[in-house]
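Trainee: Quick one: sequence plus predicted model below, questions after.
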Amino acid sequence: MAKFSLYSEESNRSPLSRLWRNFKANHLALVGLWMFIGLTLLAMTAPLLAPYGIDQQHSDALLLPPSWHDEGDVHFILGTDDLGRDVLSRLMNGATYTFGLSIIAALMTTVIGVVLGTLAGINRGFKSSILNHLLDITLAIPSLLLAIIIIAILGPGLLNTVWAIILALLPQHIHSVRNLVVEELNKDYVGAYRLDGANRAHILFRGIFPNIYEHIVVIFTLALSTAILDIAALGFLKLGAQPPTTEWGAMLAENLGLIYIAPWTVGLPGALLFLSVLATNLVGDGLRNALQARKAT
């Protein structure tokens, strides 16, 4: 017998509830979300959880393999490097630099991109045309190459790397948000808002933003995966984080000469980079599929 529902709210869920229902139906996306949450918590608490200091040396434990190896030591779960530093502690602290700073860079890029993209979308005429042409020229340059050019101007360093990645990813964000705003402005409900006497701010905050915020979240996840790779790539090229900073890309470059002697010092940072990008992409793909499923219903 069919269940009778007196209240329509029980079946007509909010857009966010329907988005979450479609998202959690994708098991891979859900696994990626838990990985993403775990990496975020690790980036926030790594200095407190790390068993040793990042520069603490153990002269009697040089190049120890991971603890499950026959020659390993349980006191150093993931082994040590050529200076006797605990690899686990350095990897945990590296999450703060590689993953944590990537989140900050992606968030700042998203906020600035939403503001500038919205202004570009609601304006018409000569200024908008010039901005569109500048964005088209900038988008022709890969983000990593653009970040390298900016680093060449600002100089190497972790802080300059963050600013370089923000400036390199910003044109793509502005272009994406502008397209979303222009698409919404051409819809019938915006015309109805204008006929009802709504001003521009009311149309933006009551009409356009509630309809594009999910897309902005997807854009953020795509920017985050790019930021992770760019920070690691600049660190590997010795243009970003400088030793002894425990950024994963810088650790790869620092231990590259040990790849045959101590492969765990190179393989483990690479594995964490892979897992962080995988988790971010799984969340982004899950959100994109959930949006498509919600629009289809």
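Mentor: That came through fine. Numbers count the residues shown, from 1 in each chain.

Trainee: Pretty sure Ala259 sits against Gly270.
Mentor: Careful, residue 259 is Ile; it's not Ala. No - counting by CB atoms under 8 Å, Ile259 does not reach Gly270; the two are 10.2 Å apart. Bear in mind the C-beta positions are built from the backbone N, C-alpha and C, glycine included.

Trainee: Are there residues contacting both of those two? Which ones?
Mentor: With CB atoms under 8 Å, 6 or more residues apart in numbering applied, the contact sets of Ile259 and Gly270 do not overlap.

Trainee: how many neighbours does Ser143 have?
Mentor: 22 (other CB atoms under 10 Å).

Trainee: err, Val114, not the other one
Mentor: Residues within reach of Val114, counting by other CB under 10 Å, total 22.

Trainee: And Ile153, by the same measure?
Mentor: There are 8 residues near Ile153, going by other CB under 10 Å.

Trainee: what's in contact with the helix or strand it falls within?
Mentor: Assigned by DSSP states H and E, Ile153 falls within helix 143-154. The contact list for helix 143-154 (CB under 8 Å, 6+ apart) reads 138, 141, 160-161, 163-165, 167-169, 172, 226, 229-230, 233-234, 237, 239-240.

Trainee: Which parts of it count as buried, going by neighbours?
Mentor: Across helix 143-154, burial judged by 16 or more other CB atoms under 10 Å covers 143-144, 146-148, 150-151.

Trainee: Make a markdown table from those residues and add pLDDT to it.
Mentor: Formatted as a markdown table, these follow (pLDDT from 0 to 100):
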| residue | pLDDT |
| --- | --- |
| Ser143 | 83 |
| Leu144 | 85 |
| Leu146 | 87 |
| Ala147 | 89 |
| Ile148 | 89 |
| Ile150 | 89 |
| Ile151 | 91 |
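
Trainee: show me what contacts the residue most central in space within the chain?
Mentor: With distances taken as CA atoms, centre = their mean, Leu224 lies nearest the centre of the chain, 1.6 Å away. Leu224 is in contact with 102-103, 106, 280, counting by CB under 8 Å, 6+ apart.

Trainee: same thing but at 10 Å, please
Mentor: 36, 99, 102-103, 105-107, 109-110, 169, 276-277, 279-281, 283-284 (CB atoms under 10 Å, 6 or more residues apart in numbering).

Trainee: Same check on Leu204?
Mentor: By CB under 10 Å, 6+ apart, the residues touching Leu204 are 118, 121-122, 181, 184-185, 190, 198, 210.

Trainee: low pLDDT regions in the stretch 101-250 of the chain?
Mentor: Scanning the stretch 101-250 of the chain for pLDDT under 70 picks out 125-133, 136.

Trainee: 90 - rerun?
Mentor: Across the stretch 101-250 of the chain, the ranges flagged by pLDDT under 90 are 116-150, 152-159, 167, 170-219, 221-222, 237-246.

Trainee: Helices of that one, start to end?
Mentor: Using DSSP state H, counting those that start in this stretch, the helices found in the stretch 101-250 of the chain span residues 101-122, 126-139, 143-154, 158-185, 188-195, 200-202, 209-236, 248-254.

Trainee: and the fifth one, what does it pack onto?
Mentor: Identification of packing neighbours for helix 188-195 by 3 or more CB pairs under 10 Å, 6 or more residues apart in numbering; DSSP states H and E yields helix 158-185, helix 200-202.

Trainee: quick revisit: now distance to His58 too, for the helices of the stretch 101-250 of the chain, in JSON lines please.
Mentor: Formatted as JSON lines, the helices of the stretch 101-250 of the chain follow (distance: least, CB to CB, whole Å):
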{"stretch": "helix 101-122", "distance to His58": "28"}
{"stretch": "helix 126-139", "distance to His58": "48"}
{"stretch": "helix 143-154", "distance to His58": "34"}
{"stretch": "helix 158-185", "distance to His58": "26"}
{"stretch": "helix 188-195", "distance to His58": "65"}
{"stretch": "helix 200-202", "distance to His58": "61"}
{"stretch": "helix 209-236", "distance to His58": "25"}
{"stretch": "helix 248-254", "distance to His58": "17"}
